[in-house]
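S.K.: the sequence and its predicted three-dimensional model are supplied below.
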Amino acid sequence: MINCLRGWPEPIVRVQHLSDSGIRVIPDRYVKQPSERPGLISDSIQSEINIPVIDMGDLLSPDPTLRDKTADLIGSACREWGFFQVVNHGVSHELMARMREAWREFFQQPLEEKQKYANSPSTYEGYGSRLGVEKGAALDWSDYFFLHYLPVEIRNQEKWPTLPVACRELVGEYSKEVVKLGGKLMKIFSSNLGLTENYLQESFGGEEMGACLRVNYYPKCPQPDLTLGLSPHSDPGGMTLLFPDENVSGLQVRRGDNWITVNPIPNAFIVNIGDQLQVLSNANYKSVEHRVLVNSAKERVSLAFFYNPGGDMLIKPAEQLVGEEAPPLYPAMTFNEYRLFIRTRGPCGKAQVESLKSPT
């Protein structure tokens, strides 16, 4: 799809292999600048603040007041935080557990088995260890597996792992259920913005929307204070539904000048607004910078499901949300054009979406 990204600029090193080798000092390529290293927020602040937690089961209540209150809570979280957790979301807890365990097993396979799925930056699909193709760029302490689910015409199950044996079936079943959950949330987002219920879904392309999964593996790190599992960034797509590792916290969300550590709730999804919904909502909803910590005692596995516009969909602020007092903040751009920036440079805070803003 993107001819300029046919190969990685340097040999790929698997972070899990570095971790398993027993090194005590991480290579310089993984060491962040002092201002970018973790540990800049006190533990007391972290323990007192968490992103909103919303019970989606209340949307099914016979009480319309409770249904409206729940929808309002989602709207407030989108405007004020850009992040929230959902419980009673309708996705089987058993399916979630089986899915995560299957991917734990994948990353414990011999290196030669995982290497069969080694990816390239042309699509990022497969087993990877870096984001961005800038030569000499600082790297994050993580490996991952990325795959496409929607649109159906680009779904290629032959690129999905065959080991463990249930992996392909689980990916299909899990992705189907998370897409349903994403569709429910999109209707609420639209209504909360004063748009027709299906406006955002149709803007994403309807049945031609995009969806993909990135399974993140964060190995143990001998010097976790010097690096990050994933550098600060906002997600370039529409919405992310993250199934985190409940045993080890690591996700941090920017809140003003501080980084807030998210305390994951068992069987919950962490939902965050991506850049495309910020554009469509004309910044009524905002994507928020986040990053991932690593630690020396435990590895982590998380599953990030990206609910995106179709690649050729032209994304721009909804006409109903612009006017003399609220001019459009962003130019029209396809999602393919937008994500080329991220695929070239890797995580860059909010540099992309902020750079698009029209001068005031």
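M.R.: Thanks, I have the structure now.
S.K.: quick check: buried residues in stretch 195-213?
M.R.: Across stretch 195-213, burial judged by 16 or more other Cβ atoms under 10 Å covers 195, 199-201, 203-205, 209-213. For glycine as for every other residue, the C-beta is placed from the backbone atoms N, C-alpha and C.
S.K.: among those, which lie within helices?
M.R.: The helices, defined by DSSP state H, take in 199-201, 203 from the buried residues of stretch 195-213.
S.K.: now do the contacts for the closest residue to residue 128 other than its chain neighbours.
M.R.: In space, and not counting its chain neighbours, residue 128 is closest to residue 119: 4.4 Å by Cβ to Cβ, 6 or more residues apart in numbering. Counting by Cβ atoms under 8 Å, 6 or more residues apart in numbering, residue 119 makes contact with 125-128, 146.
S.K.: okay, residue 119: pLDDT?
M.R.: pLDDT for residue 119: 96.
S.K.: start at 638 instead
M.R.: In the new numbering, first residue 638, that becomes residue 756.
S.K.: now it: phi and psi?
M.R.: Main-chain dihedrals, residue 756, degrees, to the nearest 10: phi -100, psi 170.
S.K.: hmm, back to that, with respect to residue 862, which of the contacts of residue 756 is nearest?
M.R.: Set against residue 862, the nearest of these by Cβ to Cβ is residue 765 (25.0 Å).
S.K.: may I have the beta-bridge partners of that closest one?
M.R.: Bridge pairing for residue 765 (DSSP bridges) gives the partners residue 781.
S.K.: was I right about it contacting residue 777?
M.R.: No. Counting by Cβ atoms under 8 Å, residue 765 stays clear of residue 777, with 11.0 Å between them.
S.K.: looking at these two, which is more packed in?
M.R.: When residue 765 and residue 777 are compared for neighbours, residue 777 comes out ahead with 27 against 21, by other Cβ atoms under 10 Å.
S.K.: which strand or helix spans the nearest residue to residue 660 once chain neighbours are set aside?
M.R.: Nearest-residue entry for residue 660: residue 859, 6.2 Å, with adjacent residues in sequence omitted and distances by Cβ to Cβ, 6+ apart. Remark: residue 859 resides in no helix or strand, with elements defined by DSSP states H and E.
S.K.: what sits against residue 859?
M.R.: Each residue near residue 859 by Cβ under 8 Å, 6+ apart is listed here: 656, 660-663, 933.
S.K.: next: residue 915.
M.R.: The contact partners of residue 915, by Cβ under 8 Å, 6+ apart, come to 871, 922-924, 990.
S.K.: give me the next element, helix or strand, following the helix or strand hosting it.
M.R.: According to DSSP H and E, residue 915 maps onto helix 912-917. Downstream of helix 912-917, the next assigned helix or strand under DSSP H and E is strand 927-929.
S.K.: shaky segments in the chain?
M.R.: For the chain, residues meeting the criterion pLDDT under 70 lie at 638-643, 677-685, 978-997.
S.K.: do you have the helices of the stretch 838-987 of the chain handy? List them.
M.R.: 912-917, 972-982 (DSSP state H, counting those that start in this stretch).
S.K.: right, so of the ones you listed, which gets closest to residue 928?
M.R.: helix 972-982 (14.9 Å).
S.K.: list the single closest residue to residue 667 in space, sequence neighbours excluded.
M.R.: Spatially, and ignoring its direct neighbours in sequence, residue 667 is nearest to residue 864 (4.6 Å; Cβ to Cβ, 6+ apart).
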